[in-house]
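Undergrad: Model the structure of this input:
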Amino acid sequence: MIAQLLNREFVVRQMEAIGEEMRRGPRPPSASSESPPVNAADHATALEHLEVSLAREKQQSSGQPGFESSQPERRSDWPAELDDFAFISRDPVVSIVQSALEYRYNAPENVLQVLDEEPEDDGRRDPGDVPVVTSRRLLHSEPRREADNRRVFEAFSETDPSWVSSLVAMGIRGLRQRHAFNSKPPEAVAMGPNARLVMVGDWGSGLPRAQRVATAMRVYIEEALREQRDTHVVHLGDVYYSGWEYEYKNRFLGHWPVRPNEAGRLTSWSLNGNHDMYSGGHAYFDFLLADARFRKQGRASFFRLHNDLWQIFALDTAWDDNGLKDPQAEWIKSELDRNSQRAILLSHHQLFSAYEDSPAVGRTMRERLAPVLKAGRIHAAFWGHEHRCVLYDAFCNVQYPRLIGHGGVPVYMIHRKDDPLVAPASYEFRDSIAKGFESWAVFGFAILDFDGPLIRVRYVNEFGEVHHEEQIR
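TA: Below is the predicted model:
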């Protein structure tokens, strides 16, 4: 990821420039690049969507909610807003603009425009250390810190705005014409009695620290292979910014801790996230799930694993954003009626949240799953979407609700370790990396080891260290 494209103000300026270009109508591509195949209708429709999203963005940030830092007494010590360093938008059109711009800057003819070194205002790491966000930046747009430590980049003019506008129009067309939902799940996959699940959420940023998470995951995968455990590696969804094919290549598959030649020994799974759907889910269904490592998923976005005592249901809550596309609710009820094992639910979106207080959060899932929730058939649940690690007390009749969305997206750590927990949380991972005025949350993942009626769960940080452990029984 490029630093400028993680800066909200920079992205808004680029959206304004793209809008101006679109209002001129489609133009022939420049001699230096081949314009994507979009027509006048695509441009017109894309402009409508862009203008709506831009107006909304100017009113209120679509970035990550709930990570506002407390302000020190001295204004000169205030951290920058998270949107200055890690603007991950929940608006699909904004995300498409970020994807299009990054695709443009990654083109071979632009290789000299992108430097692999941290900007001067952010070079506070020790030699050999991993950058806390990214080391990639555009050459001709230097950052500066304002008096209140806000991060602002110098103005930057795109050299081929027509090409970028066509890319944005192509992405918006994909968003409008979503990939068909595969309503037939694959055949249920049997797990060994001592199976290991290595599970990570919101990992698909490709950032250096996300790669460090993959390296730590790999240690536990290799341990499981030595112990001859049946091993499954699960991603809870989201490849940034908007699930384009190049993003799966560069940010996901190239760093996935299961190697291509291990497809027959290890099983990989990936849930659908909202960012996977921001350009219609086409690359998620047709590119990611076509990879041999994900073969057992059968290009479906929901599936079931089981052994004699446990069963795992993975759901797609993103094809309908924060929803539950048919026939999943009926499918899970039918499977539970036929199978008596204790059930674990996996999803991208939250069943509920202590931090995101909108009544819409998890509502559709709770409503659609009400019969099985009320019957107490969901024993544990793991989800992502929020970029935190939080263990909750029993809630919604689920005994072990768990949030593990801290796999690869930089956010601030807004709590001290001794701050009170936010109900109904029973544990929250609050380790941080201090850098300048900002304090960043540490990434991580979870290991589930099955042992008869027990599951040993270890929560591991990006450095490979276990920070919390529990038993699900």
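Undergrad: Doesn't residue 343 lie inside a strand?
TA: Yes - judged by DSSP: H, G, I helix; E, B strand; the rest coil, residue 343 forms part of a strand.
Undergrad: need the strands for the stretch 151-300 of the chain, in chain order.
TA: 151-153, 189-190, 196-200, 231-235, 267-270 (DSSP state E, counting those that start in this stretch).
Undergrad: Give me the distance between the shortest one and the centre of its chain.
TA: Read that as strand 189-190. 26 Å (C-alpha atoms, centre = their mean, to the nearest Å).
Undergrad: For it, name the packing helices and strands.
TA: With contacts defined as 3 or more C-beta pairs under 8 Å, 6 or more residues apart in numbering; DSSP states H and E, strand 189-190 has these neighbours: strand 303-306. Placement of C-beta: from N, CA and C, glycine included.
Undergrad: What strands flank the strand it packs on, and is each parallel or antiparallel?
TA: In the sheet, strand 303-306 lines up against strand 189-190 (parallel), strand 310-314 (antiparallel) (DSSP bridges).
Undergrad: Residue 63: which of the ones you listed is closest?
TA: strand 310-314 (27.6 Å; C-beta to C-beta).
Undergrad: winner for burial among the strands paired with strand 303-306?
TA: strand 310-314 (a mean of 25; mean count of other C-beta atoms under 10 Å).
Undergrad: Need the residues that contact it.
TA: 191, 197, 234, 269, 271, 302-306, 332, 335, 339, 341-347, 450, 455 (C-beta atoms under 8 Å, 6 or more residues apart in numbering).
Undergrad: How far away from the center of its chain is that strand?
TA: Strand 310-314 sits 22 Å away from the centroid of its parent chain (C-alpha atoms, centre = their mean).
Undergrad: just for this protein, where's the confidence low?
TA: Filtered on pLDDT under 70, the chain yields the residue ranges 28-36, 69-78, 118-128, 144-150, 154-159.
Undergrad: before we move on, back to that, could the strands paired with strand 303-306 go into TSV alongside distance to residue 19?
TA: Shown next, in TSV, are the strands paired with strand 303-306 (distance: least, C-beta to C-beta, whole Å):
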stretch	distance to residue 19
strand 189-190	47
strand 310-314	39
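Undergrad: Ok, which of those strands comes nearest residue 391?
TA: Once the strands paired with strand 303-306 are compared by C-beta to C-beta, strand 310-314 is nearest, at 18.2 Å.
Undergrad: any chance of the strands of the stretch 151-300 of the chain in CSV, plus distance to residue 2?
TA: Formatted as CSV, the strands of the stretch 151-300 of the chain follow (distance: least, C-beta to C-beta, whole Å):
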stretch, distance to residue 2
strand 151-153, 11
strand 189-190, 39
strand 196-200, 23
strand 231-235, 23
strand 267-270, 24
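Undergrad: Ok, which of those strands comes nearest residue 420?
TA: strand 196-200 (27.8 Å).
Undergrad: In the sheet, which strands lie alongside the closest one, parallel or antiparallel?
TA: Going by DSSP bridges, the partners of strand 196-200 are strand 231-235 (parallel), strand 444-451 (antiparallel).
Undergrad: closest to residue 389 out of those strands?
TA: Closest of the strands paired with strand 196-200 to residue 389 is strand 444-451, at 5.8 Å (criterion: C-beta to C-beta).
Undergrad: residues near residue 382, how many?
TA: A count of nearby residues for residue 382, using other C-beta atoms under 10 Å, gives 25.
Undergrad: same thing with residue 13?
TA: 16.
Undergrad: That one belongs to a strand?
TA: No - Residue 13 is assigned helix when assessed by three-state DSSP, not a strand.
Undergrad: and residue 428, what are its bridge partners?
TA: Under the criterion used (DSSP bridges), residue 428 bridges to residue 390.
Undergrad: Spell out the secondary structure type for residue 329.
TA: Residue 329 is classified as helix under three-state DSSP.
Undergrad: From what I see, it and residue 368 are in contact.
TA: Yes - Residue 329 lies in contact with residue 368 (C-beta atoms under 8 Å); the separation is 4.0 Å.
Undergrad: got a list of what residue 361 touches?
TA: Neighbour list for residue 361: 322, 349, 350, 352, 353 [criterion: C-beta under 8 Å, 6+ apart].
Undergrad: Please determine how far the closest residue to residue 110 other than its chain neighbours is located from residue 86.
TA: Nearest in space to residue 110, with sequence neighbours left out and distances taken as C-beta to C-beta, 6 or more residues apart in numbering, is residue 104 at 6.8 Å. Residue 104 sits 21 Å away from residue 86, going by C-beta to C-beta, to the nearest Å.
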